[in-house]
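> need coordinates for the below:
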Amino acid sequence: MNIIGNLQKKIIEKINLTRIKWIYEGEQNLCKCSKKLMPKQKFDEIKKFWKKYDSNYKGYEHIKYYTMSGEVNKLYIPDSYFYRFVDYYYNNWVKLKILDNKCFYKFYFNNVKQPETIAMKVDNFWYLNDKIITLDDLKNELVKEKEFVVKISCESTGGHGVKFYSEINKDFEEFERTHRDLIIQKVLKQSPIMAKLNNSSINTVRVMTFKNEQGIKCLSTIVRFGEEGHKVDNACSGGLVVGVEPDGRLKEDIYKPKIYKKVETKPNNVNYHEIIVPKFQDILNKAIELHSKINFSRIISWDFAIDENDDIVLIEANFFYGELFFHQLCNGPLFKTEDELLSVLNEVNKGK
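Have a look, this model is predicted:
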């Protein structure tokens, strides 16, 4: 059994290493731009610094941050380096696989409110109130709902695998048939303040937490919201992102990461800087509290919503692919001082 288990572990690790190699190459190709866009002296300084940690460093990502934010800063972590080395070193992708399934959130995140679950599909079996049901039973249950949301329960990144339905139709049947793990939830009614961002999407607060020997702290917080008429807030799906000040007030600059641009006109005709995220400090405290229960993951990106009763609702925990780009774009480098960054880079570099 040990031989088989070790072989399985090596195969999974090989798959993961291949995956992050593709991510690394994809991120570098995605960010390709002219090196002439950044002052040569500054570019050379940044390249000299990062070449010590990544021999394949090209510099495109720092140029992209510069063209979008106007800031030249070597402390920005290149996305390609982060996902290939930092994220993979700090988070055990093999052991975290089971925690990534939203169907099991109720067991290990039982100290935070979550969207109400209607039914869930685990390994091709449908469950209602922890009892196995047939597909016909499920359909009879869904007829009672005016609207419901169906999510792929594992690795549903970037808003992909999230679908809203008001009835059982052919698209629902195809989606159900082609996925072994799903969760069906009631549609959340959000806080009127968060609805001001865009009332057609559930707008979320994303908090990135980091664990080291000093404890757990929040590295960065952003708010994600959809464009008018869109159901999802995910930036990968065309949504918008904005940074959050320490007091919970939204920052001035709004970005649309999918097209790598700052939004010059106010989306949805809203003055975002006047909006303060409800219960902001409580959200940060909740993220730290939840992270304290999780082992094998030292960097986690948490997605929270605020419901109509101003209660904090956990939408998703991202144990990998935490959208570093959005955080750094809105709030600057993840680690604010060179000493902090060097501590991380040296630790990760030793673990390569």
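
> residue boundaries of the helices in this structure?
Here the chain has its helices, by DSSP state H, at 2-30, 40-51, 60-69, 79-81, 87-90, 105-108, 135-142, 170-177, 192-195, 280-291, 324-331, 338-351.

> and the contacts of the last one?
This means helix 338-351. Under the contact criterion Cβ atoms under 8 Å, 6 or more residues apart in numbering, helix 338-351 has outside partners 53, 75, 77, 85-86, 89-90, 333, 335. For every residue, glycine as well, the C-beta is placed using N, CA and C.

> try it again with 7 Å
Residues from elsewhere that reach helix 338-351 (Cβ atoms under 7 Å, 6 or more residues apart in numbering): 53, 75, 85-86, 89, 335.

> kindly export stretch 192-201 (C-alpha atoms) in CSV.
Extracted C-alpha coordinates of stretch 192-201, given in CSV (Å, rounded to 0.1, in the frame of the first residue of the first chain):
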residue,chain,number,x,y,z
PRO,A,192,-27.7,47.6,0.0
ILE,A,193,-24.2,49.2,0.4
MET,A,194,-22.5,46.5,-1.5
ALA,A,195,-25.3,46.5,-4.1
LYS,A,196,-24.4,50.1,-4.9
LEU,A,197,-21.3,48.8,-6.7
ASN,A,198,-23.5,46.9,-9.1
ASN,A,199,-26.9,45.5,-8.3
SER,A,200,-26.9,42.7,-10.8
SER,A,201,-23.9,40.8,-9.3
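
> which parts of that stretch are buried?
Buried positions in stretch 192-201, judged by neighbour count with 16 or more other Cβ atoms under 10 Å: 194-198, 200-201.

> repeat for stretch 67-85
Buried positions in stretch 67-85, judged by neighbour count with 16+ other Cβ under 10 Å: 68-69, 72, 74-85.

> buried sites along the strand ranked longest in the chain?
If you go by DSSP state E, the chain has its longest strand at strand 215-225. By 16+ other Cβ under 10 Å, the buried positions in strand 215-225 come out as 216, 218-225.

> repeat for stretch 269-286
When burial is assessed from 16+ other Cβ under 10 Å, stretch 269-286 yields the following buried residues: 272, 275, 277-280, 283-284, 286.

> same list, these, but as CSV with pLDDT and distance to residue 121 please.
Converted to CSV, the buried residues of stretch 269-286 look like this (pLDDT from 0 to 100; distance: Cβ to Cβ, whole Å):
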residue, pLDDT, distance to residue 121
272, 87, 38
275, 95, 37
277, 98, 33
278, 97, 33
279, 97, 32
280, 98, 35
283, 98, 30
284, 98, 33
286, 98, 28
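
> that older thread, export the helices of the chain to JSON lines and tack on distance to residue 299?
Output for the helices of the chain, formatted as JSON lines (distance: least, Cβ to Cβ, whole Å):
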{"stretch": "helix 2-30", "distance to residue 299": "14"}
{"stretch": "helix 40-51", "distance to residue 299": "19"}
{"stretch": "helix 60-69", "distance to residue 299": "18"}
{"stretch": "helix 79-81", "distance to residue 299": "14"}
{"stretch": "helix 87-90", "distance to residue 299": "5"}
{"stretch": "helix 105-108", "distance to residue 299": "18"}
{"stretch": "helix 135-142", "distance to residue 299": "36"}
{"stretch": "helix 170-177", "distance to residue 299": "31"}
{"stretch": "helix 192-195", "distance to residue 299": "25"}
{"stretch": "helix 280-291", "distance to residue 299": "9"}
{"stretch": "helix 324-331", "distance to residue 299": "9"}
{"stretch": "helix 338-351", "distance to residue 299": "10"}
